[in-house]
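the following block contains a protein sequence and its predicted model.
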Amino acid sequence: MNYEDFEDTITMEYEDGTSEECEILAKFLGYFNGEEREYVALNPLDSDDEETIYLYRAEYDEDENLILVNIESDEELEIAADAFEELIDETDLEAMLTADEIEEMKELEEQ
């Protein structure tokens, strides 16, 4: 499974006029209807629940700008969620943590 880790954020602007800053956790591949598709996992920064994950299909315009597309189909959403869970299971925890978070974990273990 191919994926890219990011340390970037994106501002999601919704139809109701609200916006939300989200961390881009990963871009990864999944297969829907026999077709390879790229997905993006986001974590809202203002959420108290660190486990809140938003999944979107990634598409690109002619200038290669990322466009996030809502996943309308329950079947496709399940496939994207399974692909993301597989990615998490395959990824070493330390690869997803920042150097500061790793240092904090080590300090806690020493106490």
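Arrived safely, thanks for sending. Being a predicted model, the structure only gives us computed values, none of them experimental. Numbering: from 1, shown residues only.

going forward, measure contacts between C-alpha atoms and count neighbours the same way
OK.

need the helices for this structure, in chain order.
74-90, 93-96, 99-110 (DSSP state H).

compare these and say which comes out lowest on pLDDT.
Summarising mean pLDDT across the helices of the chain, the least confident stretch is helix 93-96, with a mean of 54.

for P44, which residues count as its bridge partners?
C22 (DSSP bridges).

who's in contact with it?
The neighbourhood of P44, defined by CA atoms under 8 Å, 6 or more residues apart in numbering, consists of 20-23, 52-54.

again, 10 Å this time
The contact partners of P44, taken as CA atoms under 10 Å, 6 or more residues apart in numbering, are 9-12, 20-24, 50-54.

what's the pLDDT at it?
At P44 the predicted local distance difference test score is 91.

and G34, by the same measure?
Per-residue confidence at G34 stands at 86 (pLDDT).

now do it against E76, distance only.
Going from G34 to E76 by CA to CA, to the nearest Å gives 11 Å.

tally of neighbours for F32?
A total of 14 residues lie near F32 under the criterion other CA atoms under 10 Å.

for it, which non-adjacent residue is spatially closest?
What sits nearest to F32 in space, not counting adjacent residues and going by CA to CA, 6 or more residues apart in numbering, is E76, at 6.2 Å.

count the residues that sit near that neighbour.
Burial of E76 is recorded as 17 neighbouring residues (other CA under 10 Å).

any buried residues in stretch 39-46, and which?
Buried residues in stretch 39-46, counting neighbours by 16 or more other CA atoms under 10 Å, are found at 39-44.

which residues touch the residue nearest the centre of the chain?
Geometric centre of the chain, nearest residue: A41, 1.7 Å, by CA atoms, centre = their mean. Contact criterion CA under 10 Å, 6+ apart gives 22-28, 52-58, 80-81, 84 as the residues in contact with A41.
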